[in-house]
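1. return a 3D structure for these sequence lines:
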Amino acid sequence: MNYENQEFFAPGHRACAGCAAPIIVKWVLKIAGPNTIIVNATGCLEVFSTPYPHSSWRLPWIHVAFENASAVASGIDAALKAQGKREGTNIIIFGGDGGTSDIGLQSLSGMAERGHDILYVMYDNEAYMNTGIQRSSSTPFGAWTTTSQVGPYNIIGKNEFKKPIAEIMAAHKIPYVATVNPAFLPDMKMKIEKALKIKGPKFIHAISSCTTGWRHDPSKTVEIMRLATETGIFPLWEIENGDFLKMKLTYVPKQRKPVEEYFKPQGRFRHLFQNPEKIKEIQKMVDEWWAKFENKN
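-> Have a look, this model is predicted:
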């Protein structure tokens with residue numbers, strides 16, 4: 001059944017203008033439909049969607065701590081099975097990069113290892129945005145944050161590389177892992193539909209622009225997220241059952257754009273243009289990733 005004309009995530013929430021998280025949530029729930037239970041880790045999404053006494057959620061919704069969203073969802077899965085009510089109900093977790101790649105990784109790994117029938121959607125705004133734009137393990141190399149500030153003793157921003165969380169989840173050999181970008185909506189919808197039809201743990205990694213932390217014009221959200229994929233920095237792919245040899249790219253740019261086109265509109269990368277060698281280094285890393293994939297196929 002098609003639920004695209006229904007709104008399970010109500011408008012009127014308090015997200016920042018240009019925030020991509022509501023786009024992701026809106027479409028996941030439109031595809032999942034009314035027979036859905038949502039578990040939401042602490043983070044921006046929880047804060048802006050539920051300022052007491054209001055709520056944007058029109059489906060059963062549970063707010064839990066950063067570290068235990070996957071454990072709580074696993075309990076819901078087990079409880080419904082025990083009651084004989086599991087069939088036909090979607091269990092979906094929404095978590096940011098902090099609650100997924102960092103604080104919640106242990107319970108996420110446990111959920112995957114136990115084989116619970118749950119869809120985990122990570123909206124990745126690439127820092128702890130809700131608490132003041134601190135770096136997370138998902139913050140990309142070279143990005144400014146309040147805990148990777150740029151100055152005389154640190155000209156690059158974050159010195160460490162982005163944690164490959166989707167690859168980590170695929171290494172658990174769970175049935176389905178995919179990356180999505182709301183700027184490529186048909187691809188995102190296809191992957192959500194596919195994931196919800198598969199039994200067992202599923203993990204979707206969604207890039208999610210944050211106008212405050214990325215420091216860009218709110219009207220440019222979709223344009224900038226599109227550039228993330230058009231430059232090859234955030235490729236769109238899927239892996240089934242942990243088979244990395246059969247990784248499928250679901251979108252290949254006809255001609256990848258230079259990474260600097262993605263960096264230019266974002267204040268968090270402004271300092272890189274004073275150090276062009278670092279931009280060349282990042283470009284080289286992106287080119288090498290794509291070369292490995294192209295050689296493999």
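
2. and residue 282, which of the three is it?
-> Recorded secondary structure, residue 282: helix (DSSP: H, G, I helix; E, B strand; the rest coil).

3. what sits against it?
-> When contacts are counted by Cβ atoms under 8 Å, 6 or more residues apart in numbering, residue 282 is found next to 141-142, 259, 272. Using the backbone N, CA and C atoms, a C-beta is placed for each residue, glycine as well.

4. check those and tell me the two furthest apart.
-> Greatest spacing in the contacts of residue 282, by Cβ to Cβ: 141 and 259 (11.1 Å).

5. those two - which one has more neighbours?
-> The residue with the greater number of neighbours, taking residue 141 and residue 259 and applying other Cβ atoms under 10 Å, is residue 259; the counts read 25 against 16.

6. surely residue 224 touches residue 264?
-> No: at 9.6 Å, residue 224 and residue 264 do not qualify as touching, with contact defined as Cβ atoms under 8 Å.

7. what about those two, which has more around it?
-> Summary of the neighbour comparison: residue 224 and residue 264, criterion other Cβ under 10 Å, with residue 224 having more neighbours (23 against 15).

8. make sure the more buried one is indeed in a strand.
-> No: under the criterion used here (three-state DSSP), residue 224 is helix, not part of a strand.

9. and the strands in the protein?
-> All strands of the chain, identified by DSSP state E, fall at 36-41, 61-64, 90-96, 119-124, 176-180, 202-207, 236-240, 248-251.

10. contacts for the third one next, please.
-> Yep, that's strand 90-96 we're talking about. The contact list for strand 90-96, computed with Cβ under 8 Å, 6+ apart, reads 25, 28-29, 32-33, 35-41, 43-45, 69-70, 73, 76-77, 80, 104, 116-125, 129-130, 196, 208.

11. in PyMOL, select just the buried ones from those residues.
-> Restricted to the buried members of the contacts of strand 90-96, where burial is judged by 16 or more other Cβ atoms under 10 Å, the PyMOL selection command reads as follows:
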select buried, resi 25+28+29+32+33+36+37+38+39+40+41+43+44+45+69+70+73+76+77+80+104+116+117+118+119+120+121+122+123+124+125+129+130+196+208
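
12. which residues of the protein score low on pLDDT?
-> Low-confidence regions of the chain, defined by pLDDT under 70, span residues 295-297.

13. if we can go back for a sec, export the strands of the chain to TSV and tack on distance to residue 293?
-> What follows is these, written out as TSV (distance: least, Cβ to Cβ, whole Å):
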stretch	distance to residue 293
strand 36-41	31
strand 61-64	37
strand 90-96	27
strand 119-124	21
strand 176-180	13
strand 202-207	17
strand 236-240	9
strand 248-251	7
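
14. what's the closest of those to residue 158?
-> Each of the strands of the chain has some distance to residue 158 by Cβ to Cβ; the shortest is strand 119-124, at 14.5 Å.

15. understood, closing this out.
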